[in-house]
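Participant: coords please:
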Amino acid sequence: MKSVILRKTNNKKSYNYNIFWFMQKYLFYIICLLISLTMVCCSENDSDNSPKTTIPTKIEEDSINTKDDTNKVDTIYFQIQKDNIILSIGETETVDIFVNLHDNDANFDKDNGNYNLQLKFAQNDLQPENYFVSKVEQINDGNDTRFRLYIEDLCIKNNYNDSVQIRITKKGNKTIYLSSKLRISLSCDNTTRKYLDTNLPLVKIETVNNEEPKCDYVSPPNNCWGAGIKNATKVPGKLLILKNDDILYYSGEYDKGNSGMTLKIRGNTSAYHDKKPYKIKLQKKADLLSRKDDNNYKDKEWVLLKYDGLKALVGFKLNELIGMQWTPSFQYVNVMINGDYRGLYMLCESVKRNPNCRINVDETGYIIEYDAYWWNENVYFVSDYSDSMNYTFKYPDEENISQEQIDYIKQYVKTLETTILKEGQYENYMDVDSWAKWLLLQDILGNSDSAGANIYFTKFDNTETSKLMMGNLWDFDSSFKVSTYWSVQHTADLLYFPKLLANKNMLFKNTYKSYWTKISPNLVQDMNTFLEEFARSETAAAVNTSITSDNQRWGYESSHISEEISTFKAWFVVRLYLLNQMIPNL
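Facilitator: This is a model prediction of the structure:
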């Protein structure tokens, strides 16, 4: 057979003849080849609908806009795994986009990773408020590159739709807009909507693999008190705080040291109940209470305290009125964990060192607790005053404290205890004002628990000029229970106060009396005004609504706001009369 050479010649007639002769001779083979290619394509289309990087969607040149017209792109092949995303219940959906970027086409250097993918949102390129693209991963896969989008519904608006344009950017000079759009449909579930509509912030926590925090329950050794927990697991996850249709805070997915948070069970006997208290530790500092000056209030550690009526609200207000060194701030919130409603809580600042917004002690200072649960801690020191109570550390924590630091504060407290027992000059070692105010507050509140009241002390630094101060009030579970006599702290021998009140050195007693004289004339009026203002607030109405849900969730019978406020008003009237009779006769 004579060989055929197809080439362009100067003779137009010869050129046409050669083409015609070639097509006539090989027409049968060409038809067979076309039929075979058609069958292959049909076979591919009839297979499962999972993404294929071998036959991507082709985007023609006129649907691509390049910023650098001198370096145009002929074709880009890409395929979207899902072109319509429907999300609900705060779930995160992943979407894979397969892109084949050939060096000779797109002029991208795939191996060096000098390009990335972004999303162009429907409204002015701004991240929408109703869903969140938490991250975009670039995965090199053979000849193709895969971009994985993580899209999370924030459960704010129902029946919300948006379209997102895919944007591929080469670092340095050029952006390519692909015309196909990803359609996102959101559907806020009824459960989330129910708690958003209460007008309280909703704290939504989702842990990795829906893991629940756990702990072991432990009993005290002989001659010790209380029941505690041990081996509390820290479960990683993400945290979202919503109020109505606003996002107050979003931690992002858990990435150790960068984003997300950990959640663990906290407390002692309170952890034994079905409704647990929790500790939140953020990976990045933030103000979860969304106050205006966010930088001053940022911290990693926060707590979720179980709602127990308005006791903490009243206790913290008294703490503020009398002028303790710090009063924790908090907010009533509803809490959902892994889609399950857990009830009404207080999102609260934890007791810790933070010179900007919490307890202000120097780096060489201390925050310690006179603790009935010392037996459940790894680091503590023994008190010479009581057989049942010893000292544990809030700052420095047990991971960072040195033996030298332990020895210093142990000796300092021992010297103070000796001056109290031997009626010496205790004022050289204690801040008498803060001690007197702390006891007076317990007497006003009628606390019935001498050992479980979280008795905190602080020392600003390790010099002789700073003294041991009483910390803020914290645990109010046993408040408003002793109505006809002193609080148990006033009379229990395991605490220092009976010895101080009976001491020949009368400075403490006189300071205690002077603070009562100072606050008692306006105590009832101040607290009535505070309680009435709270009763009229939007927060009170929102708490009322949430109390019903909390009662239903846990089988509680918590009183509503109006009943509680009436009870507290009556308490302060009776308590004022009683203490006015007893304090002058100390």
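
Participant: So residue 326 belongs to a strand, correct?
Facilitator: No - according to DSSP: H, G, I helix; E, B strand; the rest coil, the state of residue 326 is coil, so it is not within a strand.

Participant: Give me the pLDDT value at it.
Facilitator: At residue 326 the predicted local confidence, pLDDT, stands at 97.

Participant: Pull the contacting residues for it.
Facilitator: For residue 326, the contact set (C-beta atoms under 8 Å, 6 or more residues apart in numbering) comprises 358-360, 471-472. For glycine as for every other residue, the C-beta is placed from the backbone atoms N, C-alpha and C.

Participant: Ramachandran coordinates for residue 239?
Facilitator: In terms of degrees, to the nearest 10, the main-chain angles of residue 239 are phi -130, psi 130.

Participant: Count the residues that sit near the nearest residue in space to residue 560 that is not next to it in sequence.
Facilitator: Spatially, and ignoring its direct neighbours in sequence, residue 560 is nearest to residue 544 (5.3 Å; C-beta to C-beta, 6 or more residues apart in numbering). Burial of residue 544 is recorded as 14 neighbouring residues (other C-beta atoms under 10 Å).

Participant: Name the helix or strand for residue 544, please.
Facilitator: For residue 544, the enclosing helix or strand under DSSP states H and E is helix 538-554.

Participant: picking that back up, list only buried entries from the contacts of residue 326.
Facilitator: Neighbour counting by 16 or more other C-beta atoms under 10 Å classes 358-359, 471-472 among the contacts of residue 326 as buried.

Participant: re earlier: hang on, isn't the residue nearest to residue 560 packed against residue 559?
Facilitator: No - under the criterion of C-beta atoms under 8 Å, residue 544 makes no contact with residue 559, lying 10.2 Å away.

Participant: Quick check: which helices or strands does the helix holding residue 544 pack against?
Facilitator: With contacts taken as 3 or more C-beta pairs under 8 Å, 6 or more residues apart in numbering; DSSP states H and E, helix 538-554 sits against helix 190-196, strand 330-337, strand 340-349, helix 561-582.

Participant: who does the longest one touch, helix- and strand-wise?
Facilitator: Which is helix 561-582. Counting contacts by 3+ C-beta pairs under 8 Å, 6+ apart, the secondary-structure elements packed against helix 561-582 are helix 432-445, helix 507-535, helix 538-554.

Participant: still on that earlier bit, pick the one among the contacts of residue 326 closest to residue 324.
Facilitator: residue 472 (5.1 Å; C-beta to C-beta).

Participant: Distance check, the closest one against residue 438.
Facilitator: Separation of residue 472 from residue 438 (C-beta to C-beta, to the nearest Å): 9 Å.

Participant: Now for these two: what residues contact both?
Facilitator: residue 324.

Participant: could you show me where the helices are in this structure, in order?
Facilitator: 12-45, 103-106, 190-196, 294-297, 311-322, 403-421, 432-445, 488-491, 497-501, 507-535, 538-554, 561-582 (DSSP state H).

Participant: Mind giving me the packing neighbours of the fifth one?
Facilitator: It stands for helix 311-322. Counting contacts by 3+ C-beta pairs under 8 Å, 6+ apart, the secondary-structure elements packed against helix 311-322 are helix 432-445, helix 507-535.

Participant: quick one, the first one and helix 311-322 angle?
Facilitator: Note on geometry: by axes from the mean of the first three to the mean of the last three C-alpha atoms, to 10 degrees, helix 432-445 and helix 311-322 are set 140 degrees apart in direction.

Participant: re the thing from before, in JSON lines: the contacts of residue 326, plus pLDDT.
Facilitator: JSON lines is the format used below for the contacts of residue 326 (pLDDT from 0 to 100):
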{"residue": "358", "pLDDT": "97"}
{"residue": "359", "pLDDT": "98"}
{"residue": "360", "pLDDT": "97"}
{"residue": "471", "pLDDT": "96"}
{"residue": "472", "pLDDT": "96"}
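
Participant: So which of those is the closest to residue 431?
Facilitator: The shortest separation between residue 431 and any of these is 10.7 Å, and it belongs to residue 471 (by C-beta to C-beta).

Participant: Can you tell me the closest non-neighbouring residue to the closest one?
Facilitator: Of all residues not flanking residue 471 in the chain, residue 456 sits nearest, at 3.0 Å (C-beta to C-beta, 6+ apart).

Participant: Is that neighbour bridged to anything, and to what?
Facilitator: When assigned by DSSP bridges, residue 456 has beta-bridge partners residue 369.

Participant: what separates it from residue 359, distance-wise?
Facilitator: When distances are taken as C-beta to C-beta, residue 456 and residue 359 turn out to be 8 Å apart.

Participant: what touches both of these two?
Facilitator: Any residue near both residue 456 and residue 359 by C-beta under 8 Å, 6+ apart counts here, and that gives 351, 367, 471-472.

Participant: Mind listing residues that contact stretch 389-403?
Facilitator: 351-353, 359, 361, 365-374, 377-383, 405, 409-410, 413, 451, 456, 494-495.

Participant: low-scoring stretches of the stretch 151-300 of the chain, by residue?
Facilitator: For the stretch 151-300 of the chain, applying pLDDT under 70 flags the ranges 151-190.

Participant: same question, the chain
Facilitator: Along the chain, segments meeting pLDDT under 70 span 1-190, 452-453.

Participant: picking up where we left off before, is it possible to export the helices and strands packed on helix 311-322 to CSV including distance to residue 480 and mean neighbour count?
Facilitator: Below are those laid out as CSV (distance: least, C-beta to C-beta, whole Å; neighbours: other C-beta atoms under 10 Å):
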stretch, distance to residue 480, mean neighbour count
helix 432-445, 6, 23
helix 507-535, 12, 16
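
Participant: closest to residue 304 out of these?
Facilitator: Closest to residue 304 of the helices and strands packed on helix 311-322 is helix 507-535 (C-beta to C-beta; 20.9 Å).
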